[in-house]
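[1] I would like the atomic coordinates for the input below:
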Amino acid sequence: MKSITDKFSVLIPDGEHYYAITILDCLSHVKGIKIHFMSDLKYMATRYSRHVHTYSYYPKTANDLEWISYVNREMEMHKVDIILPVYEKRIRTLLYHKEHLNYTNKLVLLPSTESYEIASNKWLLAKHMEKFDIIFPKGFIATEDAPGWQENMNLIFPIIVKPTEDSAGGDGIFKFENKNELREHFKNNTLKRELLIQEYIHGHDMGCNVLCKEGEVLAFIIQKGSMWDKKPFSPQIGLDIVYEEELLEIIKKLMKSLHWSGVANVDLRYDAKNKTYSVLEINPRYWATLHASLMAGINFPYLLCLATKGIKYDVPDYEHIEYLNIKGLARRITQHKFFVFNFKYIWKNTPLKYVVKDPLANIYKFIWITKNIVMRKFKMK
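    Numbering: from 1, shown residues only. Down below sits the predicted model:
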């Protein structure tokens, strides 16, 4: 997508998050944007990026108001036009302490605190969708205060058990084929937090990424999973960018019901039996496959900046492409060794081009990941 605005500057205040470098790849696609990073880690891959105008380190603090004072300082120091948070923790901080920001008018579009909490909690979201007649898997909430839930539940197996919050990367999500499997699991695993118990939907995974303003969809992209990591319920490492009218209408209804502003990633499941889509959850932030959206033609961080500045644009079209992240590419090469010579595909359908275009940042990222893997292996011994 071509630039349709004058030059402006962006502050990413939570630059320590690993999604930040992907946001950087998106914003650096547009000439004239000055990108400022603020982080509670002294050394990060983005510090060495040729696209970063300034990188400021502030020690980690548990005090949210102190962190916001750092944001205010950065805004004043660099005369930044837009504040663009990346992940849940700091999005929530800015939502709940907005009055302490000196430049609230420069904060990107965000949902209300009520809508954000509904989207962040799978059980609250399920109750919300029931109210607005949006299809979701049948289920209930299980807590430590209700010990008889295993025997009394009225669900058809197989079932999915997952935390109501904080299940990124598939953590804490399990599938059980029958009651015996369920009993065995909870013999050895106590119920430490709220769990959402839902019927498993036979079908395939779908996703829809959106940018909205007051419930209106300003941009979207739909994806269908094609390849996953070895860990169950882990994020996709390969997908197809597609278009499904029925799915889009469900998303529009959902976003309108939440009066949503900002970006979101919605996970759905196609129900092969009932020939419809069920909404599973909302990730009220950017997503792991943001590169895929960019390569298909939707630059969500840039469009969010335009919408924040009040610059109107038509909902952009996108290409229907296949996408593999670096793990997906490695697996494809392992399965088909000569695929490594398919240079045109690799350049067009994987994020390898962004590694090549910003080498120092990605060399540091590779060293950092390798070090963490080695340290985890030593701890396991």
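[2] checking residue 294 next. Helix, strand or coil?
    Look at residue 294: counting by DSSP: H, G, I helix; E, B strand; the rest coil, its state is helix.
[3] does it touch residue 24 like I think?
    No: between residue 294 and residue 24 there is no contact under Cβ atoms under 8 Å: 11.3 Å. Quick note: C-beta positions are derived from backbone N, CA and C, even for glycine.
[4] so, low pLDDT: which residues of this structure?
    1-6, 144-148, 151-152, 167-169, 189-192, 368-381 (pLDDT under 70).
[5] which parts of it are strands?
    9-12, 34-39, 52-57, 82-83, 139-142, 159-163, 174-176, 195-199, 203-213, 216-228, 236-242, 262-271, 276-283, 322-324 (DSSP state E).
[6] including distance to residue 89 and mean neighbour count, could these go into TSV?
    Compiled in TSV, the strands of the chain are given as follows (distance: least, Cβ to Cβ, whole Å; neighbours: other Cβ atoms under 10 Å):
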stretch	distance to residue 89	mean neighbour count
strand 9-12	14	25
strand 34-39	13	23
strand 52-57	18	18
strand 82-83	15	24
strand 139-142	24	18
strand 159-163	16	20
strand 174-176	25	16
strand 195-199	22	21
strand 203-213	20	21
strand 216-228	25	20
strand 236-242	23	21
strand 262-271	15	22
strand 276-283	13	22
strand 322-324	27	22
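[7] these into TSV, with extra columns for distance to residue 114?
    Formatted as TSV, these follow (distance: least, Cβ to Cβ, whole Å):
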stretch	distance to residue 114
strand 9-12	26
strand 34-39	28
strand 52-57	32
strand 82-83	21
strand 139-142	19
strand 159-163	21
strand 174-176	30
strand 195-199	20
strand 203-213	15
strand 216-228	18
strand 236-242	30
strand 262-271	14
strand 276-283	14
strand 322-324	34
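[8] surely residue 19 and residue 286 touch.
    Yes: between residue 19 and residue 286 there is a contact under Cβ under 8 Å: 5.3 Å.
[9] between these two, which contacts overlap?
    Both residue 19 and residue 286 are contacted by 86, 87, under the criterion Cβ atoms under 8 Å, 6 or more residues apart in numbering.
[10] can you get me a residue count around residue 87?
    As a burial measure, residue 87 scores 18 neighbours (other Cβ atoms under 10 Å).
[11] repeat for the one 3 residues further on
    Close neighbours of residue 90, defined as other Cβ under 10 Å, add up to 22.
[12] contact partners for it?
    Each residue near residue 90 by Cβ under 8 Å, 6+ apart is listed here: 13, 14, 67.
[13] now do residue 315
    Contacts for residue 315 (Cβ under 8 Å, 6+ apart) come out as 217, 218, 219, 220.
[14] close enough to count as contact, the first one and residue 210?
    In this case it means residue 217. Yes: Residue 217 lies in contact with residue 210 (Cβ under 8 Å); the separation is 5.5 Å.
[15] now the common contact residues for these two.
    Joint contacts of residue 217 and residue 210 (Cβ under 8 Å, 6+ apart) are 251, 255.
[16] hang on, the earlier thing: looking at the contacts of residue 315, point me to the pair that's furthest apart.
    218 and 220 (8.3 Å; Cβ to Cβ).
[17] joint contacts of these two?
    211, 315.
[18] beta partners of the residue nearest to residue 219 when sequence neighbours are not counted?
    Leaving aside its sequence neighbours, residue 219 sits nearest to residue 211 (Cβ to Cβ, 6 or more residues apart in numbering; 4.4 Å). Listed by DSSP bridges, the beta-bridge partners for residue 211 are residue 219, residue 263.
[19] any idea how far residue 211 lies from residue 262?
    7 Å (Cβ to Cβ, to the nearest Å).
[20] hmm, residue 255 and the residue nearest to residue 219 touching each other?
    No: applying Cβ under 8 Å as the test, residue 211 and residue 255 come out as separate, 9.8 Å apart.
[21] list residues touching both of the two?
    The contact lists of residue 211 and residue 255 share residue 217, where a contact means Cβ under 8 Å, 6+ apart.
[22] setting the sequence-adjacent residues aside, check what's closest to residue 210.
    Nearest in space to residue 210, with sequence neighbours left out and distances taken as Cβ to Cβ, 6+ apart, is residue 220 at 4.8 Å.
[23] okay but that neighbour is in contact with residue 211, surely?
    Yes: when contacts are counted by Cβ under 8 Å, residue 220 is listed as touching residue 211 (7.4 Å).
[24] around residue 127, how many other residues sit close by?
    12.
[25] for it, give me its contacts.
    By Cβ under 8 Å, 6+ apart, residue 127 has no neighbours at all.
[26] distance check, it against residue 194.
    13 Å.
[27] quick one, which of the strands of the chain gets closest to residue 118.
    Residue 118 lies closest to strand 276-283 among these, at 8.3 Å (Cβ to Cβ).
[28] how much space between residue 132 and residue 126?
    In this view, residue 132 and residue 126 are 11 Å apart by Cβ to Cβ.
[29] for the spatially most central residue of the chain, what are its contacts?
    Per Cα atoms, centre = their mean, the C-alpha nearest to the average position across the chain is that of residue 287, at 2.2 Å. Contacts here follow Cβ under 8 Å, 6+ apart; on that basis residue 287 touches 207, 209, 265.
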